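**Q** next one to model:
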Amino acid sequence: MTRLLFRYPPRFVWAAYVLITCFISIALISALAVFTGNPFVFPSLGPTAYLLFFTPLARASSPRHALLGHAIGLACGYLALYATGTLNRGAVLETGVNWPTVIAAASSLSATGALMVLLRVSHPPAGATTLIVSLGLIAKPIHLLMVEAAVFLLVVEAFAINRLAGLPYPWWEDRVAPTPEPH
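**A** Residues are numbered from 1 along each chain as shown. The predicted structure is shown next:
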């Protein structure tokens, strides 16, 4: 990858890299969803793949941040569904938005953000994951586990692909200096 970046215009090299790697990684996970009949592919997996391949050395792209961010989002989304009594209501796309749904969405996103700050986890796509859950689009506990499994598989793919490309993608934590914490 580094040789290509020095030989060709970097923007086009990265564009081709993102095009190929996102296609391969999401196609593999989508194929798993087809073969198993389970929701291994979901909307916020797309921005996660983009981060893992466009900015593989960024803090938000490290395995720690991707895995923990989505786990926090899943937990907060599910707890918001439970707390507002909308757990068995169905997807908001079919049932419409009501006040408990507003509370579930707002509380899940705010709790996800606050917990990520407290736990020093930075992964913006987790905000989409928590809304997917709190809006009832994915709400069964077994499906929540599959969503986290899909994130794990994507991280494994990113590790393998980025390392094969010669990029020092981390095993767990990012290698850059942490961002300053608010006082």
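**Q** so residue 136, which state does it fall into?
**A** Three-state call for residue 136 (DSSP: H, G, I helix; E, B strand; the rest coil): coil.
**Q** where does the closest residue in space to it that isn't next to it in sequence land on pLDDT?
**A** Leaving aside its sequence neighbours, residue 136 sits nearest to residue 91 (C-beta to C-beta, 6 or more residues apart in numbering; 4.5 Å). In this view, the C-beta of every residue, glycine as well, is placed from N, C-alpha and C. Looking at residue 91, its pLDDT is 89.
**Q** packing partners for the longest helix along the chain?
**A** Longest helix in the chain by number of residues, with DSSP state H as the criterion: helix 10-36. Helices and strands touching helix 10-36, as assessed by 3 or more C-beta pairs under 8 Å, 6 or more residues apart in numbering; DSSP states H and E, comprise helix 2-7, helix 45-54, helix 141-164.
**Q** so which of the ones you listed gets nearest residue 118?
**A** helix 141-164 (19.8 Å; C-beta to C-beta).
**Q** averaged pLDDT, that closest one. What do you get?
**A** Across helix 141-164, pLDDT averages out at 97.
**Q** likewise for stretch 28-40?
**A** 94.
**Q** CA atoms of that stretch as PDB?
**A** Below are the C-alpha coordinates for stretch 28-40, written out as PDB (Å, rounded to 0.1, in the frame of the first residue of the first chain):
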ATOM      1  CA  LEU A  28     -18.500 -11.600   3.100                       C
ATOM      2  CA  ILE A  29     -20.600 -10.600   6.100                       C
ATOM      3  CA  SER A  30     -23.700 -10.300   3.900                       C
ATOM      4  CA  ALA A  31     -23.100 -13.700   2.500                       C
ATOM      5  CA  LEU A  32     -23.000 -15.000   6.000                       C
ATOM      6  CA  ALA A  33     -26.300 -13.400   6.700                       C
ATOM      7  CA  VAL A  34     -27.800 -15.100   3.600                       C
ATOM      8  CA  PHE A  35     -26.400 -18.500   4.500                       C
ATOM      9  CA  THR A  36     -27.600 -18.300   8.100                       C
ATOM     10  CA  GLY A  37     -30.700 -16.300   7.700                       C
ATOM     11  CA  ASN A  38     -29.600 -14.000  10.500                       C
ATOM     12  CA  PRO A  39     -29.100 -10.200  10.600                       C
ATOM     13  CA  PHE A  40     -25.300 -10.000  10.400                       C
END
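**Q** buried sites along that stretch?
**A** By neighbour count on 16 or more other C-beta atoms under 10 Å, the buried set for stretch 28-40 is 29, 32, 38-40.
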